[in-house]
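Engineer: Model the following, please.
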Amino acid sequence: MLNDERTTMANLTEEQLAHLKHLLDDREQALRAELHRDVDEKDEFRDVATEVPDPGDSSFANLAVDLGNAAVTRDLMELRSIEAARLRMENGVYGDCVSCETEIPYERLLAQPAAERCAPCQEIHEKTHADSMRGTMM
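Structural biologist: Here you go, the predicted structure:
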């Protein structure tokens, strides 16, 4: 067996695990860039809201700031999910469902590298935690 074909946690090969780490790294970089843009835009809209005497422009600027805050919150939650996925990798439990402890299929991890639950458990979690899940991706 080749070294990169050896299985690791959740029966992921080292090659698959390296690819998933790369996906997490890429997503983290994209999120951090998006956060910087969102914060800059929020500051611009806040400046408009305080400078413009027109109530319509001010309302629009306030709405834009609120939407920007929601996007920042969503991105920060996703960054926390990425960090949690890295911790699971370090602890040797990445790819194992935190609810039922079965293996999360590689295809699901490709689509959502920070996934902490298999699809059936994620569906149950979303149904039972619907109020707390609003505005999140995980």
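
Engineer: Check which helices and strands the longest helix belonging to the chain sits against.
Structural biologist: Secondary structure of the chain read by DSSP state H shows that its longest helix is helix 14-51. Packing partners of helix 14-51 (3 or more C-beta pairs under 8 Å, 6 or more residues apart in numbering; DSSP states H and E): helix 55-90, helix 106-111. From N, CA and C alone the C-beta is placed, and that goes for glycine too.

Engineer: Could you pull up the mean pLDDT of it?
Structural biologist: Taken as a whole, helix 14-51 has a mean pLDDT of 82.

Engineer: roughly how far apart are Glu83 and Leu24?
Structural biologist: 9 Å (C-beta to C-beta, to the nearest Å).

Engineer: thinking again about what came up before, confidence-wise, which of the helices and strands packed on helix 14-51 is weakest overall?
Structural biologist: helix 55-90 (a mean of 78).

Engineer: which residues touch Leu31?
Structural biologist: By C-beta atoms under 8 Å, 6 or more residues apart in numbering, Leu31 lies in contact with 75, 78-79, 82.

Engineer: could you dump the residues you listed to CSV with distance to Thr102?
Structural biologist: Output for the contacts of Leu31, formatted as CSV (distance: C-beta to C-beta, whole Å):
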residue, distance to Thr102
Asp75, 30
Glu78, 24
Leu79, 26
Ile82, 22
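
Engineer: before we move on, the earlier item: so between Glu83 and Leu24, which is more surrounded?
Structural biologist: Leu24 (20 against 13; other C-beta atoms under 10 Å).

Engineer: Check the gap between Gly92 and Glu123 for me.
Structural biologist: Distance, Gly92 to Glu123, by C-beta to C-beta: 26 Å.
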